[in-house]
Structure formats: C-alpha cells, structure tokens
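Enquirer: After the sequence you'll find the predicted model.
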Amino acid sequence: MHIDAPLSDVDPAVASLISRDVERQRSFVHLIASENFVSRAVMEASGSVLTNKYSEGYPGKRYYEGCEIVDEVENLARDRAKALFGAEYVNVQPHSGAQANMGVYFGLLDAGDKILGMSLDQGGHLTHGSHVNFSGILYDFAAYGVDPDTETIDMDEVRRVARAERPKMIVAGYSAYSRLIDWAAFREIADEVDALLMVDAAHIIGLIAGGAHPNPVPHAHVVTATTHKAMRGARGGLIMAKEEFGAALDKGVFPNVQGGPLNNHIAGKAVCFAEAATPEYKAYAAQIVANAGAMAEAVMGEGVRVVSGGTDNHLFLMDLRSIDQDLTGRDAAGILHSVGVTINFNTIPFDPRPPYRASGLRVGLPAATTCGMREPQVEEVGRLMVRALRNREDEGILSEVRAAMVSIAAEFAPYPPGFPGRV
Ligand code: DSN
C-alpha cells in the first residue's frame with residue numbers, strides 16, 4: 001500500500017461511487033429536512049488524520065497517550081459551542097443524535113424510568129419511545145401529541161398528561177413539527193411534576209445557532225442536537241446542559257454508551273460552530289425560514305393542505321390527501337424523485353396509513369437554501385411538485401416538470417463538477 005496514493009488509484013470502485021454521488025447531489029433539488037451540504041472546510045477536518053487517534057475519556061483525562069492535540073481540538077469544539085449557544089456544559093463526543101439521546105437517558109435516568117415524549121407518528125423521533133427502538137425497549141414512555149384541530153402542541157394537554165403520568169423526564173423537540181416551541185412553558189410543566197426537561201433540538205439547532213428559533217438552552221436541563229442538519233457541520237451529535245449534570249452526562253456518553261470518540265468529526269463540529277458564529281450564517285438561518293414559509297404558501301396556493309396551516313421553521317408537511325385520497329407518501333416521494341426532487345415521505349398527525357406508506361411529505365429547506373435558492377425559486381419548485389403529483393399519469397407533463405427541475409438544480413448546484421478533487 002502506498003499511503004499517499006489517491007483513492008482513484010487504490011480503489012477505483014469506491015472513488016467512482018463517490019463521484020457518482022457528487023453528480024447525484026448536483027443534479028437534484030434536495031428537500032430532505034435533515035440533509036445539507038457541508039463546506040469544504042468541514043469536509044477537510046472530518047476527512048483528516050485525526051481519524052487515527054484513540055482517545056477514550058475526556059480532555060485532560062484520557063486512557064491513551066498522545067492525546068494532547070485532540071484534547072485541544074475537543075476543547076475548542078466545546079468552547080465554541082458554549083459561546084454559540086450560551087451553554088455551561090457541552091459534550092461533542094456523541095456519534096449521532098440517537099447516541100446523544102441514549103447518553104442522556106443513561107446518564108440521568110435508570111432503566112425502566114418513565115419518560116414523556118411526543119409519539120413518532122405525531123412528529124417525534126425513534127429515540128422518543130418508539131417500541132422498535134432502545135428507548136421504548138429500555139424505558140417506560142408515555143406520549144403527548146398535537147391537538148387534532150390545530151395540529152400544534154397544546155401546552156394544557158401536555159400539562160394534563162404530565163400530571164397524570166408523573167415522568168422523570170419530559171422530552172420536547174421533534175423531527176417533523178413545523179411550529180415554534182415554547183421552551184419556557186415546557187420547563188414550567190417539568191418543574192411542576194418534578195421532571196427533568198430534555199430538548200432534542202436535532203432539527204432546529206441550526207436555526208437556533210443563527211437566531212431564527214428561540215434557544216432552549218436557558219430553559220432546559222439538557223439539550224441534545226445533531227451537527228449535520230441545518231447546522232451544516234460534521235455528521236454527529238451534541239449534548240448541552242447545566243454544569244451540575246456534566247459529570248453524569250460525560251459518564252452517560254463514555255463509558256456507558258460509546259468507546260473512543262471520532263476526533264476527526266469533532267474537528268468537523270468545531271469548524272461548523274465557527275462557521276455558525278458568522279453574520280453569513282445568521283442570514284442563512286433567516287433565509288431557511290423565509291424559504292420554508294414561501295414554499296408552504298406556494299403549495300397551499302395550489303390547493304394542497306399543509307399541516308397546521310404553515311410553518312415557522314425549516315420544514316412543513318404536505319397532506320397528500322388534499323391532492324388525491326389514494327396518493328400515498330411513499331408513491332409521491334417516488335414520483336418526485338423521478339422528476340428531480342429528493343424528499344421523504346412522512347406520517348402526518350392522526351395518519352390513517354402506516355409509516356411505510358404514510359399520507360404526507362416532509363419538505364425541508366436547509367439544503368436548497370445552502371444552494372442559494374431564494375423565495376422565487378422555492379415557490380417555483382413547490383408549484384412544480386404539485387403539478388407533477390396532480391398529473392402523475394401524464395408522461396408529457398412529468399417530462400416538462402423534470403426539465404424545469406433539472407434546470408433549477410443545475411443553476412443552484414451545491415458543488416462544482418468533480419468536487420472536491422483531491423484534498
Ligand atoms: N433521520 C432524521 C430525520 O430525517 O429527521 C432523524 O434522525
């Protein structure tokens with residue numbers, strides 16, 4: 001093996017797959033709410049030699065020698081996140097959002113403890129108590145949902161369920177909820193029933209960093225997040241909390257849940273925290289919200305029902321039954337993929353269909369906004385999507401939509417052709 005040989009020489013098969021995915025990323029309009037396009041700087045840090053270092057433990061207390069530089073990297077990442085979000089304690093080691101949540105449950109609770117979260121079918125996450133996930137298997141979850149009429153969280157109902165269930169922890173923050181969340185009201189309820197409040201801010205942490213959504217850090221006992229969604233950083237998780245929980249949370253992540261941290265990705269997280277502290281990022285976060293609102297208005301203008309009647313954040317849910325009672329989310333996502341849009345199907349509140357068919361599409365704007373799209377483009381994409389779905393049997397119309405989407409994708413591609421070349 002020549003250690004300095006390029007991937008294309010060493011492994012043409014993998015090199016070719018990566019090149020093909022660069023082209024795929026360049027040639028679609030991307031509306032998956034949890035995806036984004038990272039900068040070359042993030043990619044260089046995440047693809048760096050820091051991947052080679054084992055460093056179980058935390059800065060200043062490792063189980064391996066040679067950690068003096070990764071200590072500095074991890075401290076830098078933690079300090080930047082503390083400054084960005086106003087957090088007392090930060091843990092940047094979780095490999096993912098799911099492992100951040102697992103680290104919190106392990107660190108602060110006992111197996112079997114009761115947790116109150118929003119159910120998956122109403123916008124929650126697998127790790128908020130799904131019976132097929134460790135959370136639902138190891139902990140006793142109770143659920144609150146959205147109000148059937150407004151499709152928004154009714155804090156009186158959350159209070160009622162919390163009083164009835166007396167959980168040890170309440171989880172707020174979701175994967176498919178398009179409205180602002182009242183963190184102070186959640187904390188009030190948590191205090192009333194003597195529960196901890198954990199906010200899972202994975203989806204909205206980028207908006208919070210850019211000042212486009214209220215910050216839960218001052219209100220919650222603990223906040224978890226991912227760094228690769230709207231945050232636009234290295235793939236991974238993050239935990240923030242009051243200092244008093246730090247020791248227990250450190251232990252919850254390592255050694256309870258994980259072994260060695262991914263130092264290369266911790267460096268990629270440090271880079272994204274620096275990027276998110278800039279005025280450009282603040283403008284980006286505001287534009288995501290403006291784009292989501294504009295696109296939601298455009299599809300509603302075409303007669304599509306949007307869950308809760310709109311959005312305050314980076315995403316919204318289209319109720320496909322307003323296009324055709326028989327159109328499933330899964331079929332709609334496939335049709336849109338065939339005309340140049342990547343998107344995911346999703347249940348909507350009180351969905352009569354199971355999750356693998358679903359009645360909704362979750363539409364997210366972080367990636368398209370990174371590509372430079374503004375209101376006129378996202379409104380056009382919204383109208384084109386509805387046109388394709390309404391005329392899904394008409395190959396002529398589908399071809400026209402595909403041509404229009406390809407042209408928008410080409411104009412707003414995230415990376416130049418052949419990106420990133422050889423770092
Ligand atoms: N898979 C993420 C999402 O798409 O929302 C959540 O983990």
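Expert: In hand now; what should we look at?
Enquirer: residues near Glu243, how many?
Expert: Using other Cβ atoms under 10 Å, Glu243 is surrounded by 9 other residues. Where C-beta positions appear, they are placed from N, C-alpha and C, glycine not excepted.
Enquirer: which ones are touching it?
Expert: Residues in contact with Glu243 (Cβ atoms under 8 Å, 6 or more residues apart in numbering) are 88-89.
Enquirer: Quick check: it vs Ala100, distance?
Expert: Note on Glu243: its distance to Ala100, by Cβ to Cβ, to the nearest Å, is 18 Å.
Enquirer: how about the residues of the protein that lie near the ligand?
Expert: Residues of the chain that fall close to the ligand, judged by Cβ under 6 Å from any ligand atom: 34, 97, 125, 175.
Enquirer: If you count residues, where's the longest helix of this protein?
Expert: As assigned by DSSP state H, the longest helix anywhere in the chain is helix 279-301.
Enquirer: other SSEs contacting that one?
Expert: When contacts are defined as 3 or more Cβ pairs under 8 Å, 6 or more residues apart in numbering; DSSP states H and E, helix 279-301 packs onto helix 205-209, strand 305-306, strand 315-319, strand 360-364, helix 366-370, helix 375-390.
Enquirer: Make a markdown table out of those and add distance to Gly259.
Expert: Formatted as a markdown table, those follow (distance: least, Cβ to Cβ, whole Å):
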| stretch | distance to Gly259 |
| --- | --- |
| helix 205-209 | 25 |
| strand 305-306 | 44 |
| strand 315-319 | 34 |
| strand 360-364 | 32 |
| helix 366-370 | 31 |
| helix 375-390 | 42 |
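Enquirer: Which part of the protein gets nearest to the ligand, residue-wise?
Expert: Nearest residue of the chain to the ligand: Ser34, at 3.3 Å (Cβ to the nearest ligand atom).
Enquirer: does the nearest residue to that residue once chain neighbours are set aside sit in a helix, a strand or a coil?
Expert: Nearest non-adjacent residue to Ser34, counting by Cβ to Cβ, 6 or more residues apart in numbering: Lys229, 4.8 Å away. Secondary structure assignment for Lys229 (DSSP: H, G, I helix; E, B strand; the rest coil): coil.
Enquirer: can you count the residues close to Lys229?
Expert: For Lys229, using other Cβ under 10 Å, the count is 27.
Enquirer: contacting residues for it?
Expert: Lys229 neighbours (Cβ under 8 Å, 6+ apart): 33-36, 202-203, 205-206, 366.
Enquirer: how much space is there between it and Ala298?
Expert: In terms of Cβ to Cβ, Lys229 sits 23 Å off from Ala298.
Enquirer: same deal with Arg163?
Expert: 42 Å.
Enquirer: Give me the neighbour count for the residue nearest to Val386 when sequence neighbours are not counted.
Expert: The shortest distance from Val386 to any non-neighbouring residue, by Cβ to Cβ, 6+ apart, is to Glu302 (4.1 Å). By the measure other Cβ under 10 Å, the count of residues near Glu302 is 16.
Enquirer: my guess is Glu302 contacts Val381, does it?
Expert: No. Taking contacts as Cβ atoms under 8 Å, Glu302 lies outside contact range of Val381: 11.9 Å.
Enquirer: Name all residues that make contact with the nearest residue to Arg392 once chain neighbours are set aside.
Expert: Spatially, and ignoring its direct neighbours in sequence, Arg392 is nearest to Ile335 (5.0 Å; Cβ to Cβ, 6+ apart). Counting by Cβ under 8 Å, 6+ apart, Ile335 makes contact with 388-389, 392, 398.
Enquirer: and if you look at Gly259?
Expert: Glu56.
Enquirer: just for the protein, where's the confidence low?
Expert: The chain contains residues with pLDDT under 70 at 421-423.
Enquirer: And Arg163 and Ala298? Which one has more around it.
Expert: More crowded of Arg163 and Ala298, by other Cβ under 10 Å: Ala298, with 21 against 11.
Enquirer: which ones are touching that one?
Expert: Contacts of Ala298 (Cβ under 8 Å, 6+ apart): 378-380, 382-383.
Enquirer: same deal with Lys168?
Expert: 109, 113-115, 195-196.
Enquirer: What separation do you get for it and Ser135?
Expert: 13 Å.
Enquirer: what do these two both touch?
Expert: Joint contacts of Lys168 and Ser135 (Cβ under 8 Å, 6+ apart) are Ile115.
Enquirer: picking that back up, okay if I get the contacts of Lys229 as JSON lines plus neighbour count?
Expert: Converted to JSON lines, those look like this (neighbours: other Cβ atoms under 10 Å):
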{"residue": "Ala33", "neighbour count": "26"}
{"residue": "Ser34", "neighbour count": "20"}
{"residue": "Glu35", "neighbour count": "17"}
{"residue": "Asn36", "neighbour count": "24"}
{"residue": "Ala202", "neighbour count": "29"}
{"residue": "His203", "neighbour count": "28"}
{"residue": "Ile205", "neighbour count": "31"}
{"residue": "Gly206", "neighbour count": "29"}
{"residue": "Pro366", "neighbour count": "29"}
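Enquirer: just those now: which is nearest Val14?
Expert: Using Cβ to Cβ, Glu35 is the member of the contacts of Lys229 that lies nearest Val14, at 21.2 Å.
Enquirer: contacts for stretch 269-285?
Expert: With contact meaning Cβ under 8 Å, 6+ apart, stretch 269-285 is reached by 38-39, 41-42, 45, 73, 76-77, 80-81, 83-84, 92, 206-207, 209-212, 227, 230-234, 236, 238, 369-370.
Enquirer: From Arg40, how far off is Arg163?
Expert: In terms of Cβ to Cβ, Arg163 sits 51 Å off from Arg40.
Enquirer: now swap in Met169 and tell me
Expert: In terms of Cβ to Cβ, Met169 sits 39 Å off from Arg40.
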